[in-house]
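Peer 1: the sequence and its predicted three-dimensional model are supplied below.
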Amino acid sequence: DLTGFHTQEIKLPQQKSFHIERVNGRPYRCVTWSQYVMYPQMTGKLTIPSITFQGVVVQQDRSVDPFEAFFNGGSGYVEVKKNIQAPSLTINVLPLPNRPANFSNGVGTFSLSAQLGKSIVKVGDPINLRVVVSGRGNLKLIKQPTIAFPKDFEQYDAKITDKTQLTNTGLQGSMLYDFLVVPRNQGNFTVPPVELTFYNLVTQSYHTIKTQPLHIHVLPGVRGKNLLDDYAAKGNDIRPLMKETGLHYVSRDVFFGSVKYIIILCLLLCLFVVLLIVFRRRALTLNNVVALKGKKANKVATKRLKKANQLLKAGDEVHFYDEVLRALWGYVSDKLNMSVELLSRDNIVERLQQQSVAQHVIDLFISALDECEFERYAPGDATGNMSKTLESAMLAITEIESTFKVNKSAANCKLNAAKLVVILVTIAVQSLSFSPARAITIQDADKAYTEQNYQQAIRDYKALLHQRKSAALFYNLGNAYYRTDNITQAILNYERALRLCPGNNDIRFNLQLARSKTIDKYADGENMFFITWYNAVVNLLSVDGWAIISINCLIVALLGLLLYLFATPLWRKKIGFIAAIIGFLFFLLSIVIAYQQQASLNKQDAAIIISSEVGVKNTPVRGSTDDFIIHEGTKVYIKDNSIPHWLGIVVPDGREGWILRSTVEYI
């Protein structure tokens, strides 16, 4: 019975731990069973009544012989029930001195801050003003601060959030008061300073602390429109888990700028050079009528010899020899690109020698011509003569064609090597392509999360992050921390996920929701519209996502250039030219964006406050005064890290100062 006190029990571990204390020279095993923090609510002498503990004491039974007890299985000890009584305590509660009219009922040491969610709004847009009372004392008994809003503002009831914790030194932490107001007219308005008057136990006097006045600029808007319903409908729960994708995945080394990335670009350029040579050679071949005619010489000769064979079977001797001669003369004319007036035995021999045809093959062809003319007028079996002539012609053409093929195989050796290079480049690009392996255990982590086993999910996600880094893993880990009410770690992991996947709306939504549960509120800086648009484009993909886009754009540019150089119709050339220009420009743009994101990813220029309350000092000295207070979950920007154990920081509202390194964790 603690009459006259406001009492709060300190939560202690269920697993009790004992320690040894000596009383009157005797050791006792002691345990702290329960603890309470009490705030007296009346003056005078207040009594904490005595407490009786019914315990069991083990004592030695002196009536039993210890040797007999040992051999008979006895213990020689008995249990005795005993009431142990703690004495009562009397506390003399002194009255407070004359209370001022604006006394808040606060007794202790406190600080006060006020922050606007937005300082520039439109008529009808809701504004959130957060007042934070922090410190140590009877925080829960302090009256709600009053704010004198301008008459042009419609005010709603404040939302109170308890961010205190009970320790053996008392109640400490923060009480948050969120005031929602809606401006009804445009213009510039000033919210006067918020005041808090409390009794300071250290100085034994009343203190009044104030915030700075807050300035609000209200732009024209839809008069009378109430956006509170939309404001409340935005959702008060986090978005679901995210699946891993290759574009938002980062291994131990970033893909962009790595050796693998440079090798792929070099291989693509080499492949382009090889294809350029191949297509140029093909284009020259197709445009070369002589070469094309030479290629078809064998087919034309074969066609004529087939016709001669039909004439042989029909017994048409006159037309047979004419067809064979046309086949022989026509073959060398097409193969050697000789006009009709230049066709003679001497010219044929000379041209065949220039083509490195063996002498016995040349003699075979000339003899085939001679034999054809001789057999045409030779007496004897006409059918036998025609068969002999046909065989000689076919053998001569076959030998010459074989010689040309051998010579051509040597000439095509380089072309075959080029084809081999193309195949090897393709295989290399496929083997070096950015396709990181996925760990199967991510399903286990997701399953633990969906089964509400959040602590196991946290362990699984952290183990996966030791193997690889991805936006999905950081995001899902942030969700697990959020479910366990660890808002600070949730914000930290959402920020890390946002660095890898800046354009993801789910990450931004969850981060904003987690920030709304922190003590400090800071308005985001306003950028010019074109900067906002550019950042929106940049944030569509991660650094490695833009690296992959750059490779694809380079492929499009090179293919477009090949189409422009070797396509026959004019419209295809135009398409190739446009594709090459656009592909190359987007290739350069992707590299620039990827470089910017990589530089931002590597910079350690931001951190999250992980201590419950941090005093920001004006100098990096422990004994220096605190300029202002920031709380856990607040994002700060690192300005100076040159001094050991200290960091020079800038908070989002522009204020600067120094804090200990141990109070933050880098994003």
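Peer 2: Here it is on my side, so go on. None of the values given here were measured: they were computed from a predicted structure. Numbers count the residues shown, from 1 in each chain.

Peer 1: so where's the stretch 201-350 of the chain uncertain?
Peer 2: Scanning the stretch 201-350 of the chain for pLDDT under 70 picks out the ranges 222-235, 245-253, 282-298, 300.

Peer 1: can you pull out the strands in it?
Peer 2: Ranges of strands within the stretch 201-350 of the chain are 205-210, 214-219, 249-250, based on DSSP state E, counting those that start in this stretch.

Peer 1: make JSON lines out of those strands and add mean neighbour count.
Peer 2: Every C-beta, even on glycine, is put in place using the N, C-alpha and C of the backbone. Putting the strands of the stretch 201-350 of the chain into JSON lines (neighbours: other CB atoms under 10 Å) gives the following:
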{"stretch": "strand 205-210", "mean neighbour count": "14"}
{"stretch": "strand 214-219", "mean neighbour count": "16"}
{"stretch": "strand 249-250", "mean neighbour count": "22"}
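
Peer 1: will you turn the ones you listed into a markdown table that also has distance to Ile609?
Peer 2: What follows is these, written out as a markdown table (distance: least, CB to CB, whole Å):
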| stretch | distance to Ile609 |
| --- | --- |
| strand 205-210 | 22 |
| strand 214-219 | 23 |
| strand 249-250 | 25 |
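
Peer 1: out of these, which is closest to Tyr156?
Peer 2: strand 214-219 (16.0 Å; CB to CB).

Peer 1: so which elements touch that closest one?
Peer 2: Here strand 214-219 touches strand 103-116, strand 120-122, strand 187-191, going by 3 or more CB pairs under 8 Å, 6 or more residues apart in numbering; DSSP states H and E.

Peer 1: return the most buried member of these.
Peer 2: Neighbour counts (mean count of other CB atoms under 10 Å) averaged over each of the helices and strands packed on strand 214-219 peak at strand 103-116, with a mean of 19.

Peer 1: ok, that strand: who's next to it in the sheet?
Peer 2: Paired neighbours of strand 103-116 in the sheet (DSSP bridges): strand 127-137 (antiparallel), strand 195-200 (parallel).

Peer 1: check those strands for me: which has the lowest mean pLDDT.
Peer 2: Among these, strand 127-137 has the lowest mean pLDDT, at a mean of 91.

Peer 1: with adjacent residues omitted, what lies nearest to the residue nearest the centre of the chain?
Peer 2: Geometric centre of the chain, nearest residue: Leu500, 2.5 Å, by CA atoms, centre = their mean. Distances taken as CB to CB, 6 or more residues apart in numbering place Ala471 nearest to Leu500, at 4.0 Å, with adjacent residues excluded.

Peer 1: what's around that neighbour, how many residues?
Peer 2: 26 (other CB atoms under 10 Å).

Peer 1: do the same with Asp334
Peer 2: When counting by other CB under 10 Å, one arrives at 20 neighbours for Asp334.

Peer 1: ok, now Val181?
Peer 2: 20.

Peer 1: what of Pro49?
Peer 2: Neighbour count for Pro49, taken as other CB under 10 Å: 12.

Peer 1: hmm, it is touching Asp1, no?
Peer 2: Yes. Between Pro49 and Asp1 there is a contact at 5.9 Å, judged by CB atoms under 8 Å.

Peer 1: got the contact list for stretch 550-559?
Peer 2: Defining contact as CB atoms under 8 Å, 6 or more residues apart in numbering, one finds that stretch 550-559 is touched by 261, 264-265, 268-269, 271-272, 576, 579-584, 586-587, 590-591, 594.

Peer 1: circling back to that earlier point, what's the residue nearest to Leu500 sitting at in phi/psi?
Peer 2: Dihedral angles of Ala471 (phi, psi; degrees, to the nearest 10) stand at phi -60, psi -40.

Peer 1: show me the contacts for it.
Peer 2: Taking CB under 8 Å, 6+ apart, one finds 242, 248-249, 497-498, 500-501, 504, 507, 542 in contact with Ala471.

Peer 1: give me that answer again for 7 Å
Peer 2: Contact analysis of Ala471 by CB atoms under 7 Å, 6 or more residues apart in numbering lists 248, 497, 500-501, 504, 542.

Peer 1: mind listing the helices for the stretch 301-450 of the chain?
Peer 2: 317-336, 345-354, 359-377, 382-411, 413-432, 442-450 (DSSP state H, counting those that start in this stretch).

Peer 1: let me fix that, I meant to ask about the stretch 151-300 of the chain.
Peer 2: For the stretch 151-300 of the chain, the helices defined by DSSP H, counting those that start in this stretch occupy 228-232, 259-287, 289-314.

Peer 1: now the stretch 451-600 of the chain
Peer 2: Secondary structure of the stretch 451-600 of the chain (DSSP H, counting those that start in this stretch): helices located at 454-467, 471-483, 487-500, 505-515, 529-538, 543-566, 570-602.

Peer 1: looking at the ones you listed, spot the one closest to Lys11.
Peer 2: With CB to CB as the measure, helix 454-467 is the member of these nearest Lys11 (18.3 Å).

Peer 1: least confident of the helices of the stretch 451-600 of the chain, on average?
Peer 2: Among the helices of the stretch 451-600 of the chain, helix 529-538 scores lowest, at a mean of 70.

Peer 1: got JSON lines for the helices and strands packed on strand 214-219, with distance to Asn476 and mean pLDDT too?
Peer 2: Output for the helices and strands packed on strand 214-219, formatted as JSON lines (distance: least, CB to CB, whole Å; pLDDT from 0 to 100):
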{"stretch": "strand 103-116", "distance to Asn476": "30", "mean pLDDT": "92"}
{"stretch": "strand 120-122", "distance to Asn476": "34", "mean pLDDT": "90"}
{"stretch": "strand 187-191", "distance to Asn476": "40", "mean pLDDT": "94"}
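
Peer 1: end-to-end on stretch 599-608?
Peer 2: Distance between the boundary residues of stretch 599-608 (CA to CA, to the nearest Å) amounts to 20 Å.

Peer 1: pull out the buried positions in stretch 363-372.
Peer 2: For stretch 363-372, the neighbour count (16 or more other CB atoms under 10 Å) marks 364-366, 368-369, 371-372 as buried.

Peer 1: may I have it as CSV, with CA atoms only?
Peer 2: The C-alpha trace of stretch 363-372 is given here as CSV (Å, rounded to 0.1, in the frame of the first residue of the first chain):
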residue,chain,number,x,y,z
ASP,A,363,48.0,-29.4,-119.2
LEU,A,364,45.0,-31.5,-118.2
PHE,A,365,42.6,-28.6,-119.1
ILE,A,366,44.3,-27.8,-122.4
SER,A,367,44.4,-31.5,-123.3
ALA,A,368,40.6,-31.7,-122.6
LEU,A,369,40.1,-28.9,-125.1
ASP,A,370,42.2,-30.6,-127.7
GLU,A,371,40.6,-33.9,-127.1
CYS,A,372,37.2,-32.5,-127.5
